[in-house]
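[1] fold the stuff below for me.
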Amino acid sequence: MTKRTQLALATALVAALALGASGCSDPKKGSTVAGAGNPAAANDGKILGGAPVKGGTLTVLSNQDFAHLDPARNWVMPAMDFGTRLLYRTLVTFKAEPGKAGSELVPDLATDLGTPSNGGKTWTFTLKEGVKYEDGTPIKAQDIKYNVERSFAPDLTGGPDYAAQYLAGGEGYKGPLQGQHLDSVKTPDDRTIVFELKRPVAEFSATATLPTFAPVPQSQEKGTQYDARPFSSGPYKIESYDRDKKLVLVRNEHWDPKTDTVRKAYPDKFVVVMGLKGGQIDDRIIAGEGADASAVQYMDMRPESAPKVLPKPEVRARLLAESQGCTEMLALNNSRAPFNDPKVREAMQYAVDKEAVITAGGGPALNEIATAYLPPALSGGKQADTLKIAPAGDPAKAKELLKAAGKESLKVSLAVSTGDKGKAEAIQQGLSRVGIEVVVDTIDPGAYYDVIGDLSTTPDMTLAGWCPDYPSGSTWIPFVFDGRTIKEKGNQGNNSQFRDEATMKRIDEINAMADAKQANQAWIDLDAEIMKKSPSVPVLLERKPLLVGPNIAGAYGHPVWTGTVDYGTVGLKDPSKSQG
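    Coordinates of the predicted model:
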């Protein structure tokens, strides 16, 4: 059988399992069977493997290197989880619990969640006593200020934009590498840091969970090379890092658990093995032999592995597949032809065959069709369906719109991460129905966001998701659709390069709303307006399928980091059985 045939059979089996276990579902509505009826959802909200025992080596098997571990540049969900749980601490963090409780904010380096004043435009944090770096020197407020300033540096691309969005006086600031500092971040003493904002931000405590608000001492500055050796303020430090091959973390003996209510630091060592093929990782953890018994996977289980897992209770018991809470989109490059034409973009909404993409992504047990931009968690638990397009698309309507635009045949490029090649082929085949030829370019996952984030190399279309950094529409629409966030290099979120004055004006109005409930509804309403302008096509809502080895304990998918294993609390059942 061809690989395509194998994949079709695999996803058909997954679909049959999901539907057969729970009655029926109307595929024309693109619905998935959630909860207990879905075999992939059997472990939702559960902690696998019981309580960990301290010690041993936990192995992480990955198909890629980290995009960035420098906290000023780290803005990809699994890497944020890994970095902020193991290598560096932030002012505030999220509780280490599965399910809804994991979204609760708790102090980390700070003594509390911050104190607002000046109508919410000023936020003050006080650092705990006794927090130290890996060399035993104290963590100071000035170090957090320094890393916040680093997030503005043009060379340190790819990181969260919140400091630039929120801090007063940040316009035109280029970071501290040339000796310039921000007046809007004050450190009156070693344990106090004060942020002066452009406008009131009621959610600033949640913003302070991001890696931007981790400490970096100026004495450790290495520019772009800091990525290879962040200076640890967390429970582990880097022993060795061979890029694209292996990362080894060992205990930071100066991390004091008395100052940290979140991280448990069970393993003595973390070993990340990179550059493996996705299917190879799945097979190794399914077998669970040797060091692989004490392994977790970094990126998603491959769709074609689902039939090896879902029908087998003993293997399925080791599968985490939490809903990611993200929307995966086909971003259309609005900055140039053909997608600078609104009619062509509208045609794309009808041309994409989302059902085929769902099949390529592992079937209805692991995916459901997206009908709006905002994920359900930000829109009352259910996505809107503004355009009411059939899941398989409407080729006749798409052709009609293309004809009206004078573009009855097109040739466009699509860039995807290597692991999304199957989805890209489904998009390619769907668009061929309406006379659009798609040239697919697959990019190494570790380099993907750097490539599509460089405007000189951005293709006509990209496939990427966006996830809320915390449960608020303010972490979603402004970063994905505000034209003012677009950067020449390190462009994140606004992959469609959508610049629309009415949208930007409305974003500012919503950001100024003091009533959170009113703002939430306003984001939902704006989502519908942007859908009509079609800067991108919402395609999928995904689960995050992750396998863990039989010797893994304390594993669950954290709700904030899109269902990634919470590295702060995972460990081993029997450390003596681990290797490395």
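[2] would you map the strands across the stretch 101-250 of the chain?
    In the stretch 101-250 of the chain, the segments counted as strands under DSSP state E, counting those that start in this stretch are 105-107, 115-117, 122-126, 185-189, 192-196, 236-242, 246-251.
[3] what angle sits between the third one and strand 185-189?
    For strand 122-126 and strand 185-189, the angle between their directions (axes from the mean of the first three to the mean of the last three Cα atoms, to 10 degrees) works out to 40 degrees.
[4] do the same with the last one
    Relative orientation of strand 246-251 and strand 185-189, computed by the same axes, to 10 degrees: 30 degrees.
[5] tell me which residues of strand 246-251 are tucked away?
    Of all the residues in strand 246-251, those buried under the rule 16 or more other Cβ atoms under 10 Å are L247, V248, L249, V250, R251. The way it works is simple: take the backbone N, C-alpha and C, and place the C-beta from them, glycine included.
[6] isn't A72 up against S151?
    Yes - contact criterion Cβ atoms under 8 Å: A72 and S151 qualify, at 4.7 Å.
[7] more neighbours: those two, which one.
    Neighbours around A72 and S151, counted as other Cβ atoms under 10 Å, are more numerous at A72. The numbers are 28 against 25.
[8] how about the more buried one: what's its closest non-neighbour residue?
    Closest residue to A72 apart from its sequence neighbours, by Cβ to Cβ, 6 or more residues apart in numbering: R150 at 4.1 Å.
[9] tally of neighbours for the one you found?
    For R150, the count of nearby residues is 25 (other Cβ under 10 Å).
[10] nearest to G406, of the buried residues of strand 246-251?
    Taking Cβ to Cβ as the measure, G406 lies nearest L247 of those, at 51.9 Å.
[11] any idea how far that closest one is from V537?
    Separation of L247 from V537 (Cβ to Cβ, to the nearest Å): 36 Å.
[12] shouldn't D450 be within a strand?
    No - counting by DSSP: H, G, I helix; E, B strand; the rest coil, D450 is not found in a strand; it is helix.
[13] now for it: which residues touch it?
    By Cβ atoms under 8 Å, 6 or more residues apart in numbering, the residues touching D450 are A67, T157, G158, G490.
[14] how about the second one, what does it touch?
    Shown in contact with T157 (Cβ under 8 Å, 6+ apart): R73, D450, G453, K487, K489, G490.
[15] can you do 6 Å?
    Contacts were defined as Cβ atoms under 6 Å, 6 or more residues apart in numbering; by that measure T157 touches K489, G490.
[16] for it, what are phi and psi?
    Main-chain torsions, T157, degrees, to the nearest 10: phi -80, psi 160.
[17] shared neighbours, A72 and S151?
    Both A72 and S151 are contacted by G159, under the criterion Cβ under 6 Å, 6+ apart.
[18] number of nearby residues for P545?
    Neighbour count of P545, defined by other Cβ under 10 Å: 26.
[19] let me redo that: N63
    Neighbour number of N63 under other Cβ under 10 Å is 23.
[20] re earlier: and the pLDDT for the residue nearest to A72?
    Turning to R150, the model gives it a pLDDT of 98.
[21] surely it and R73 touch.
    No - counting by Cβ atoms under 6 Å, R150 stays clear of R73, with 8.7 Å between them.
[22] against K186, how distant is I477?
    Applying Cβ to Cβ to I477 and K186 gives a distance of 31 Å.
[23] over to P257?
    Distance, P257 to K186, using Cβ to Cβ: 31 Å.
[24] can you check N43 too?
    Distance from N43 to K186, by Cβ to Cβ: 46 Å.
[25] residues of stretch 217-228 that come out buried?
    Going by neighbour count (16+ other Cβ under 10 Å), the buried part of stretch 217-228 is P217, Y226, D227.
[26] which of the residues you listed fall in helices?
    Among the buried residues of stretch 217-228, no member falls in helices (criterion: DSSP state H).
[27] just the endpoints, please. Distance across stretch 130-138?
    End-to-end distance for stretch 130-138, by Cα to Cα, to the nearest Å: 7 Å.
[28] so how far is that stretch from its chain's centroid?
    Here stretch 130-138 is found 30 Å from its chain centre; the criterion is Cα atoms, centre = their mean, to the nearest Å.
[29] next, the buried residues of it.
    Neighbour counts over stretch 130-138 (16+ other Cβ under 10 Å) mark V131, K132, Y133, E134 as buried.
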